Structure formats: structure tokens, C-alpha cells
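Enquirer: Next one to model:
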Amino acid sequence: MKLRPLTKSLHFFALALSLLAISAQAQQPAAQPPRTKIRTITAFVRVERGQYQIQFSEALKFLKVAQTTFESRGFTVQTLRIATQPFPEYTQGLSQAETLQFFKNLDAITQDGHFVLSIGPACLSGNDCDAQADLLAEILKNSKSIYGSLYVTNNQGVNWPAVKAAARVVKKLSDGTVHSEGNFHFAALANVPQGSPFFPAAYLTGLGHQFAVGLESANEVAAAFRDAPDVPTARRRLTDTFFQLATDVEDVALRVDRERGWTYLGLDLSPAPSKNASIGAAIESLSKQPFGTSGTMSVVAVITALMAGYPAALTLGGVSLIAALIGGATCTSAPMAMMLLIALVTLISGVCSAGVTFHTTM
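Expert: Numbering: from 1, shown residues only. Below is the predicted model:
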């Protein structure tokens with residue numbers, strides 16, 4: 001059957017459109033793999049009680065600009081956070097009732113601004129931590145977006161009075177908050193330096209007007225370990241991964257530093273977990289053993305050594321890794337996690353160069 005001239009024209013037109021669409025599709029660049037998620041951009045503010053509202057307003061404005069800058073480069077920024085010096089320094093002279101009201105006001109500011117706040121350790125050193133620890137428990141019980149901590153070591157080693165005070169905070173938060181969830185806002189710290197972007201451990205001892213970045217890199221560690229034939233290969237892959245991650249993030253962070261006048265402290269490469277990103281599963285893929293059994297500590301050592309070895313990073317070694325292990329979503333032998341925690345606390349000095357926070361990291 002012969003096609004009429006109009007029908008022929010329509011067929012040729014349709015064919016031309018199809019070829020044009022195929023050509024355009026072929027010329028499109030390949031889809032770029034998704035960027036590593038940034039768990040947090042944390043600003044460090046030295047609070048002056050008479051100016052705290054202005055200070056937090058300026059810090060939040062900076063954080064939103066930093067978020068926009070990172071997101072314009074393809075990153076996803078999950079949270080904005082502010083950390084301060086130890087709160088007793090800026091509540092000195094207030095009664096307990098006045099202190100609780102002060103932090104009630106601050107909690108309202110955090111919720112209005114959609115950020116979270118770490119008010120630093122109740123006690124950094126010394127043996128008289130009881131009153132401030134008890135006050136911290138009351139603050140955390142009565143707030144939604146505030147986090148805090150307590151240092152349980154000092155220059156001489158374990159600060160046992162502080163350990164007892166921390167235990168009392170845990171007990172009060174267990175009894176005084178729904179499902180004991182207040183303990184997610186508290187950490188007992190051991191040898192954790194200032195400047196970590198992760199909560200609840202974040203705090204400041206310097207001048208402030210600084211910021212740091214924390215990643216959610218559990219999936220990247222898992223990808224580096226996947227199908228690795230041996231530990232040296234996995235270590236080499238992870239080294240390359242961390243180097244690329246750090247380079248990409250710090251290029252943007254240093255630009256923010258230059259343009260906004262906030263000093264960039266560094267990058268925490270600790271593999272913070274999420275519901276769909278488990279460092280436990282990554283460890284199992286390399287050790288070929290259930291999590292917590294033989295081989296787990298060797299893999300932990302590989303990860304923490306690489307984090308500590310990157311010179312520009314605010315690596316906290318096993319600090320955030322322990323929390324990631326306990327907080328991750330996937331382990332074939334999840335009940336082994338608590339047993340491993342005991343071993344990690346005992347052996348921590350052998351596999352990492354920093355401290356420990358007893359909490360679930362965020």
C-alpha cells in the first residue's frame with residue numbers, strides 16, 4: 001500500500017525527532033555519583049551572656065551561607081550545629097532557676113533557627129563536678145535541642161569523682177526522660193580534644209568564630225572494603241577514598257574561610273553511621289567474620305590509623321568510630337556490639353590516637 005505524501009512527511013518527521021532525541025541523549029554527560037553527605041557543619045562560639053542572642057544569630061547566618069556554598073558544589077548538608085565553651089563559664093553568678101531559664105530561652109532559639117546546640121562539658125577537670133553535673137542533667141531533661149557532656153579524665157588519668165557524677169547524669173536522664181532518650185544528648189568524654197564537630201562531644205576552649213565539618217562516610221568505607229582480597233588492598237583503597245573526600249570538602253571549606261572570616265578548624269573523617277549506612281557491615285565485609293569476633297579489631301585499627309594519619313583532618317580516631325559501631329544499622333551479629341565495646345574501651349590506646357565518647361554519635 002502506497003503512503004500518501006502527507007503521511008510520508010509525518011513518518012519522516014517522526015523518524016527525525018527520534019534520531020535527534022537519541023543524539024541528544026548520547027551527548028549528555030554521564031551521571032555523576034552522589035557526593036558524600038556532610039553530617040554537620042559546626043560553628044564554635046565563645047558565648048558572652050549579655051550578647052548571646054546576637055552571637056547565635058550571627059553564627060546561624062554564617063552556617064546557612066556555608067550550607068548554601070557546600071550544596072552549590074553538590075554536597076548534601078544534613079544538620080547545622082553550634083558548640084560553645086563549657087557552660088559554667090557563661091552561667092557563673094546565676095542561680096539554678098536563672099540558669100534553667102537561660103537554657104530554656106536558648107532551646108527556643110535553637111528550635112526557631114533549626115539548629116542544635118552543644119553547651120560543652122559541665123566539668124573539664126578537677127574533683128568537684130557534682131553540682132555542675134546535676135545542673136547539666138536538669139538542663140538536658142528540660143530541653144529538646146541542647147546537648148552536653150562531662151570529662152571523666154584529667155592529666156593524672158581517670159577522674160573517678162567525675163565518673164561517678166557522669167553515672168548520676170545517665171541515671172537521671174534514664175529516669176527523667178521518655179524512653180531514657182535524654183541520654184542521646186549526653187556524653188562522658190575521655191581525652192577528646194576541643195573542635196570536634198560531632199555531638200554531644202563538641203565543645204570549645206579557644207576564641208571561637210571557628211567552624212569544622214563532619215562527614216557521614218560509613219558508605220564510603222564500605223565501598224572501599226567491598227570485595228577487597230586482603231587488608232593491604234583495603235587500606236590502599238581507603239587511603240585514596242579519604243584523600244579524595246578530604247580534598248573535595250576542604251576546597252569548599254577553605255573558600256568559606258576566606259570569604260566569610262570564620263576560621264576553618266578541619267574535617268572529621270570519622271565514619272558516622274545512619275539508618276542506611278553501617279560501619280559494622282563494612283568491617284564484616286573485610287574481616288569475613290561476624291562483627292565483634294576475631295578480626296574486628298584489626299579492621300578497626302586500619303580505619304582509625306588512616307583517620308589519625310591525615311594531617312589536615314580533625315580525626316578523633318576511635319572516638320566517633322566506637323559510636324558508629326554501636327549506632328550503625330547493620331551487623332550480622334548485633335548483640336556482639338556491647339561485648340566489643342568492653343574490648344574497645346580496654347584496648348583503645350592500641351588502635352587510635354585520641355579519646356572515647358560514651359554515647360551514640362550524631
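
Enquirer: Tell me where the protein is predicted with low confidence.
Expert: For the chain, the stretches with pLDDT under 70 are 1-35, 126-127, 275, 308-362.

Enquirer: Which stretches in it count as helices?
Expert: Counting by DSSP state H, one finds helices in the chain at the ranges 5-27, 52-72, 88-91, 96-113, 130-141, 160-176, 218-225, 231-260, 279-287, 296-309, 318-327, 336-351.

Enquirer: buried set for the shortest one?
Expert: Read that as helix 88-91. In terms of neighbour count (16 or more other Cβ atoms under 10 Å), helix 88-91 has its buried residues at 88, 90-91. Where you see a C-beta, it was placed from the backbone N, CA and C, and this is true even at glycine.

Enquirer: which residues touch F186?
Expert: Contacts for F186 (Cβ atoms under 8 Å, 6 or more residues apart in numbering) come out as 136, 140, 147-150, 169-170, 173, 200, 359.

Enquirer: For K141, list the residues it contacts.
Expert: Per Cβ under 8 Å, 6+ apart, neighbours of K141: 172-173, 176-177, 182.

Enquirer: nope, S72 is what I was after
Expert: So S72 contacts nothing (Cβ under 8 Å, 6+ apart).

Enquirer: returning to what we had before: out of the buried residues of helix 88-91, who's nearest V299?
Expert: Nearest to V299 out of these is P88 (Cβ to Cβ; 39.9 Å).

Enquirer: Go ahead and confirm that closest one touches I119.
Expert: No: contact between P88 and I119 fails when scored by Cβ atoms under 8 Å: they sit 9.5 Å apart.

Enquirer: returning to what we had before: can I get the helices of the chain in a markdown table including distance to V45?
Expert: Shown next, in a markdown table, are the helices of the chain (distance: least, Cβ to Cβ, whole Å):
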| stretch | distance to V45 |
| --- | --- |
| helix 5-27 | 49 |
| helix 52-72 | 5 |
| helix 88-91 | 10 |
| helix 96-113 | 11 |
| helix 130-141 | 17 |
| helix 160-176 | 24 |
| helix 218-225 | 29 |
| helix 231-260 | 14 |
| helix 279-287 | 30 |
| helix 296-309 | 26 |
| helix 318-327 | 22 |
| helix 336-351 | 30 |
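
Enquirer: so of those helices, which one's packed in deepest?
Expert: Mean neighbour count (mean count of other Cβ atoms under 10 Å) peaks for helix 318-327 among these, with a mean of 27.

Enquirer: Measure how far stretch 37-54 is from the centre of its chain, please.
Expert: Centroid separation for stretch 37-54 versus its chain: 16 Å, with Cα atoms, centre = their mean, to the nearest Å.

Enquirer: can you give me the end-to-end distance of it?
Expert: 30 Å (Cα to Cα, to the nearest Å).

Enquirer: so what's D134 up against?
Expert: D134 neighbours (Cβ under 8 Å, 6+ apart): 165, 168-169, 172.

Enquirer: Then D240?
Expert: A224.

Enquirer: From A234, how far off is it?
Expert: Using Cβ to Cβ, to the nearest Å, D240 is found at 11 Å from A234.

Enquirer: thinking A66 is in contact with A212, fair?
Expert: No: the criterion here is Cβ under 8 Å, and A66 misses it with A212 at 10.9 Å.

Enquirer: Need the residues touching each of these two.
Expert: By Cβ under 8 Å, 6+ apart, the residues touching both A66 and A212 are I41.

Enquirer: hmm, back to that, is it possible to get TSV of the contacts of K141 that adds distance to G157?
Expert: Output for the contacts of K141, formatted as TSV (distance: Cβ to Cβ, whole Å):
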residue	distance to G157
K172	26
L173	26
G176	31
T177	31
G182	29
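
Enquirer: what's the spacing between V252 and Q67?
Expert: For V252 relative to Q67 (Cβ to Cβ), the value is 11 Å.

Enquirer: Please apply the same query to Q194.
Expert: 23 Å.

Enquirer: now do E48
Expert: Taken as Cβ to Cβ, the span from E48 to Q67 is 25 Å.
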